[in-house]
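> how would this look folded up:
(one chain, ligands or ions: 1)
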Amino acid sequence: MVYDDQNIFAKIIKGDVSCVKVLENEFILAFMDVMPQAPGHTLVIPKCKTTNLLDLPEEYFPHLMGATQKIAKSIKKVYSPAGVMVLQLNGSEAGQTVFHLHFHIIQRRGGLNYKFHSSGVKSSLELKKERDKIIKNL
Ligand code: 5GP
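Below you'll find the predicted structure:
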């Protein structure tokens, strides 16, 4: 699939669209999902033009997985969930809706209702509250 420079995550990387940042370095950016499936729902993306995991240049793997693990550990500490789900979808048939590679990190516990996508948009203020808890534990 051809990478679309106008996708929403490309705009976030460029700074044309705002996000609530969790972690950033020259290879990756992690930020709060604007429609979280649970408090703390974070996305980690590579800073390269990659639609999905199958196209990711090798040098990005350690940075992407390292950041994902770091954030998953923080989410575990902050929310003490029963589990932490790392979700990554490749292609529309797999449920992918934004065609820039991303990993979802989502806490899981009984009583929370999980779908592939949530429809409720949270305010920056609400997202920042959860973000601050996560970055304190990175
Ligand atoms: P996918 O279905 O492609 O795996 O997930 C895309 C994710 O991106 C969804 O969980 C959705 O809530 C999130 N998302 C879509 N647009 C935006 C946005 O503009 N900002 C942020 N922070 N997340 C977004």
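> buried ones in the longest helix that the chain contains?
With residue count as the measure and DSSP state H as the assignment, the chain has helix 61-79 as its longest helix. Neighbour counts over helix 61-79 (16 or more other CB atoms under 10 Å) mark His63, Leu64, Ala67, Thr68, Lys70, Ile71, Ala72, Ser74, Ile75, Lys76, Val78, Tyr79 as buried. Heads up, the C-betas are built off the backbone N, CA and C, glycines and all.
> what does stretch 100-110 give?
Buried residues in stretch 100-110, counted by 16+ other CB under 10 Å: His100, Leu101, His102, Phe103, His104, Ile105, Ile106, Gln107.
> which parts of this protein sit against the ligand?
The chain comes close to the ligand at residues 8, 17, 19, 31-35, 89, 95-98, 117, as judged by CB under 6 Å from any ligand atom.
> which of those residues scores worst on pLDDT?
Of all these, His117 carries the smallest pLDDT score, 67.
> can you tell me how far the spatially most central residue of the chain sits from Gly110?
In the chain, the residue lying closest to the centroid (CA atoms, centre = their mean) is Leu43, at 0.5 Å. In this view, Leu43 and Gly110 are 24 Å apart by CB to CB, to the nearest Å.
> contact partners of stretch 77-97?
1, 38-40, 52-54, 68, 72, 75-76, 101-110, 114, 116-117, 133-134, 136-137 (CB atoms under 8 Å, 6 or more residues apart in numbering).
> buried ones in it?
Buried positions in stretch 77-97, judged by neighbour count with 16+ other CB under 10 Å: Val78, Tyr79, Pro81, Val84, Met85, Leu89, Asn90, Gln96.
> now do the contacts for Lys21.
Under the criterion of CB under 8 Å, 6+ apart, the neighbours of Lys21 are Leu29, Ala30, Phe31, Arg131.
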